[in-house]
Each structure stands twice: as structure tokens, then as C-alpha cells.
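Student: Dropping the sequence and predicted coords here.
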Amino acid sequence: MAVAIALLAVWAGTAGAWPTGPAEDAAALTTGAAPDRATAALALAREAPERAKTALVPLLRDADPGVRLLVARWLVRHEVSAGVATAAGWVSATVPRDRNLGLSALREATALTPEARRAVERALLDGDGPTRVLAIDVLAAHPASTSGAPTSLLRALDDDEPGVRLRAVRALAATRDAKAGLALVARTTDGDRAVRNAAVEALGDLGDARAVPALLRLLADEAFEARPGAATALGRLGATSAVPTLVRLAARRPRDELARRALAALGEIATPEALAALAAAAREPTGGDDVRVAFALAGPRAFATLTHELAVGSATSVARAADALGALGDPRAVPDLVEVAARHDGASTAALAALARFD
């Protein structure tokens, strides 16, 4: 396999400029050392791709695994049935190395054939740890045509290997399937910290509001190290029921990671209560970057709060509101910003900078 990787790097670095022609390349496929056979395969694939779809097939039986993988990946990528079938056959083998070669090749597929999908799902059930991880990667890259989370991935959440469970959590998050959300809630108490954190993050990505009660319980658990992730997930879900808790956490001083995440979540939720908490944070002497991020997440929903702050806020909050309005780019803010700029006080510079951002 090292042969294939090295040759790919060399080929990419020289733009594939091999000195031989298709005829010489085809003849070299079965002669010489493994690097020479791989070089010939790459050159033929570049110079005569249609011919390569047939000529490279015998190399799927090459003695060198690196050559076999190089050829299989190219054939699978170009939807050559012999390459896809051979890779699926390797995945069905009992030798871990062959299974992993097949899985690495199938990651290049445009779509999995039914036979290839069945082979990958079997590998996820009975392969060793590295094989199961590769199998999850293939399934994640090629979702089934039917909607919903694959049963094989749901089962992988209970795998003995933390690395497999972690890959399964991330793959299920990409399915956007509600059934996956319910299964992922259970993984928020996983014995592995990385899996717990990934499960919390995935619950926010799935967009399933049914996860909100579980995330609120986690957010209230002071012993739960993924509380910042739970705050972010609640923000992504637009969980209005979380606003009172997030307001309280955003007020933690000194402002730690949990407070920063809570503030950002309030920006994403952007209810009147949440926006009032952002305005209060803007009046504090420190934490300007955190406030800027939160208002950016609120977007146009924060317009009224920001213009009100220009009229009644402190010098610090007026400057931050002006900065946020400049980033927002709503021309309705121009008269208010002009008025602030004319004051010639500590906030006028920020107002002038905001006005400069308008066309």
C-alpha cells in the first residue's frame, strides 16, 4: 500500500508527465517491480482512460496489495463493474487486510451496489476494530437511497470500541433522521468522553426538537463536562424553553467557555428575552468578541435591539451595537449611526466605521 501512496504523490507532483505512451504503459503492467507496475497503471489511466478500464482489471489480482488498491480505487471511481465487484469481494473476505483494501476502494464509489452495501454492513458487524471504522466511513459517504438511519449504524453505537462508537455518532448525525436522535441521547452518558461530546454536538446538528429535554437536563448537571456543547446544541435547535437557563449561564463571571457558549446560543435563539441578555452583556467593559459573535448569530432579528441600544446604551454598548449594525448592513440603521457619529464621543468612531461598511 505504501507503493501506491508514494506513487500517487509523485504523480501529482509531476502533473502525471510520464515519458512513455499507452502501448508501453500497457506492456509494463505485468513486468518489473511493483513500483513499475503501479507507475504504468497510473500513466495508462491518465493517457488512455477508456482502454485502462479493461487493461487494469487483471491487476486486481496483482501480488502487491498496494498495486491492487491503486487499481481498485481507480476502477471503482470510474464505475467499472469488475472493480466494484472485486472490492466488494475483498470486503466479504475473512482476511482483515483484504477487507480493508476493499473498504478503502469502495469509499471512492459514486454509489454502492446492493451487493457492495451488504458486504460493508457485514464488515461492520463482524470485522475487527479498524475494519469496522472503515465500514462506517463507507456507509457515511454513501447513504442508503431509503430515508432514515441505517440499522447497522444504530447497532454500532453499542460497539465495544470507543473509536467505532465515535464514528457511528458522527455518521448518524449526517443522516438528519429523528430515529437517530433518540438513539444518540443514550450516548450522552457513554463511558468515553469523546463519544459523549460528539453525541451532544450531533443532537444539535440533527434538528430534532425532541432532544431538547435531554439537553436541558445535561445543561443543568454541573458534573457533566459537555455542558458547553449542550448549550450550543440548544442554540442550534432554537430551544426557546432553554432561554432562562442560558441567560443565567451567560452571566457567569469570569466568563468561561460555558458562559460564552450560552451567550452564542442566545444569539441563535434570538427571542426578546435572549436579545435583552445580549444587550446587557454588551454594556460590560469586557467580552466584546463574545458579544459580537452572539449578535452575528442573531442576524437581522437583532436589528431593533441594536438600534435601541444606540439610543439608550452606555458608550461601550453603543460602540458594540454600531459595530454589529455595520456588519448587519441594513440601510435602515444609517440615520441612527449618523446621529451617533455626530456626538463626537467615545462611540462616534465605531459609528463612523460602521457607516463606512455601507455602499
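Tutor: That came through fine. Everything numeric in this text was worked out from a predicted model, so none of it was measured. Residues are numbered from 1 along each chain as shown.

Student: Please tell me how far Arg122 sits from Ala251.
Tutor: Arg122 is 53 Å from Ala251, where distance means CB to CB, to the nearest Å. Backbone N, C-alpha and C define where each C-beta goes, glycine included.

Student: just Pro213 next, same as before
Tutor: Distance from Pro213 to Ala251, counting by CB to CB: 23 Å.

Student: what's the answer for Leu218, then?
Tutor: 19 Å.

Student: number of nearby residues for Ala276?
Tutor: Residues contacting Ala276 under the criterion other CB atoms under 10 Å number 15.

Student: Name the helix or strand for it, please.
Tutor: In the assignment (DSSP states H and E), Ala276 maps to helix 272-282.

Student: Enumerate the positions of that helix that are buried.
Tutor: 274-275, 277-279, 281-282 (16 or more other CB atoms under 10 Å).

Student: How about the contacts made by the residue nearest to Leu263 when sequence neighbours are not counted?
Tutor: Computed as CB to CB, 6 or more residues apart in numbering, the closest residue to Leu263 that is not its neighbour in sequence is Ala250, at 4.3 Å. Neighbouring residues of Ala250 by CB atoms under 8 Å, 6 or more residues apart in numbering: 259, 262-263, 266, 277, 281.

Student: where does the stretch 201-350 of the chain have low pLDDT?
Tutor: Within the stretch 201-350 of the chain, no stretch has pLDDT under 70.

Student: Could I get the full set of strands for it?
Tutor: For the stretch 201-350 of the chain, strands defined by DSSP state E, counting those that start in this stretch do not occur.

Student: just the helices in it please.
Tutor: Under the criterion DSSP state H, counting those that start in this stretch, the stretch 201-350 of the chain contains helices at 212-220, 227-236, 243-250, 257-269, 272-282, 288-298, 303-312, 315-328, 334-341, 348-355.

Student: ok, and what's touching the last one?
Tutor: This points to helix 348-355. 318-320, 322-323, 325-326, 333-334, 337-338, 340-342.

Student: Likewise for the second one?
Tutor: Residues from elsewhere that reach helix 227-236 (CB under 8 Å, 6+ apart): 197, 200-201, 203-205, 207, 211-212, 215-216, 218-219, 221, 224, 242, 246, 249, 257-258, 260-262, 264-269, 297.

Student: Kindly report the same for the first one.
Tutor: The set of residues external to helix 212-220 that reach it, using CB under 8 Å, 6+ apart, is 185, 188, 200, 203-204, 224, 226-227, 230-231, 233-234, 237, 239, 241-242, 245, 249.

Student: redo that, cut-off 10 Å
Tutor: Contact with helix 212-220 is made by 181-182, 184-186, 188-189, 196, 199-200, 203-204, 211, 224, 226-234, 237-242, 245-246, 249, 258, 261-262, 265, as judged by CB atoms under 10 Å, 6 or more residues apart in numbering.

Student: just the buried members of the residues you listed?
Tutor: 181-182, 184-185, 188, 196, 199-200, 203-204, 211, 224, 226-234, 237, 239, 242, 245-246, 249, 258, 261-262, 265.

Student: Would you mind listing the buried residues in stretch 294-302?
Tutor: Here stretch 294-302 shows 294-295, 297-298, 301-302 as buried, counting by 16+ other CB under 10 Å.
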